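Engineer: what's the 3D shape of this:
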Amino acid sequence: MTQLQTDISTPTLTFEEYLYYQGKPDVMYELYRGKLIEMPTPTGLHTRICNFLTAQFQRYFVTHDLPLVAMEVTGVRTEDNTSRIPDVLVCSVELADRICNRKGAGAFNFDEKPVIVVEVTSDNWREDYIRKRAEYALINIPEYWIVDPNKSKIQVCFNPNNDKGYEDLEFLPGQELHSVQFPDFILPVNRIFSPPLVTDLIREEQAERKQLEQRAEEERQRAEEERQRAEEERQRADRLAQRLRDMGIDPDAV
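Structural biologist: Numbers count the residues shown, from 1 in each chain. So this is what the prediction gives:
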């Protein structure tokens, strides 16, 4: 997410004070070492990428029956008086419920850790590549995605040894991105940078479901036809056996 500038008109805030801070209407703020940073209104593409990734995560978790959820506009405390707002994050359902039921702004504290955070870069991309990367690594978030539409690349940072340092995987257009923690969660990079609307995704899923239902109904009909044919063959065999018995012939001896 792009940052604009530190709001120097406000006093230095603690993390706890930040959770209850009321600033300009419809403006989000990050907290960086006690100073508020006003977040700009995201572009249409930025919003669509975030919505697409959130929907794909949710679909994957439901399909694989995983107790995880993808969330947007939720803070992550990275230092004593610093709280970032990733564009998308993944956490347990239990942790998401805890955050939602808490008073004040929704934000993870030090003892609450997402399993994936995603930043979609904008103008101030250095923050995502350098400062936020260091902060997320410091608090041992297992996986951090930097989705960069301007450079047409996605960087997946992961921490295999839990040693406060990230390794990187880079994915480019024409390739398929996969999560390190969920290797079978695969998305074409081209689709991420030119994402459909979530409503179109729902229509696709409904069309796929309808096709599956049609195939299942066709299979059911074929099975019923086979059953009917088998029943007709059995009835014919029974009639023939009865005719032989009427003629005084044991059908089992024929």
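Engineer: and residue 33, how far from residue 79?
Structural biologist: Plainly put, residue 33 is 7 Å away from residue 79 if you go by CB to CB, to the nearest Å. C-betas here are computed from N, CA, C, even on glycine.
Engineer: the more surrounded of these two?
Structural biologist: residue 79 (16 against 10; other CB atoms under 10 Å).
Engineer: ok, the more buried one - contacts?
Structural biologist: 33, 135, 138 (CB atoms under 8 Å, 6 or more residues apart in numbering).
Engineer: A helix includes the second one, no?
Structural biologist: I take that to be residue 135. Yes: counting by DSSP: H, G, I helix; E, B strand; the rest coil, residue 135 is located in a helix.
Engineer: give the contact list for it.
Structural biologist: By CB under 8 Å, 6+ apart, the contact list for residue 135 reads 78-79, 82, 84.
Engineer: next, format these as JSON lines and append distance to residue 71, pLDDT and secondary structure.
Structural biologist: Below are these laid out as JSON lines (distance: CB to CB, whole Å; pLDDT from 0 to 100; DSSP: H, G, I helix; E, B strand; the rest coil):
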{"residue": "78", "distance to residue 71": "17", "pLDDT": "96", "secondary structure": "strand"}
{"residue": "79", "distance to residue 71": "21", "pLDDT": "96", "secondary structure": "strand"}
{"residue": "82", "distance to residue 71": "19", "pLDDT": "97", "secondary structure": "strand"}
{"residue": "84", "distance to residue 71": "14", "pLDDT": "96", "secondary structure": "strand"}
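Engineer: and the residue nearest in space to the middle of the chain, what is it in contact with?
Structural biologist: Nearest to the geometric centre of the chain sits residue 57, at 1.4 Å (CA atoms, centre = their mean). Shown in contact with residue 57 (CB under 8 Å, 6+ apart): 68, 70, 88, 90, 116, 185.
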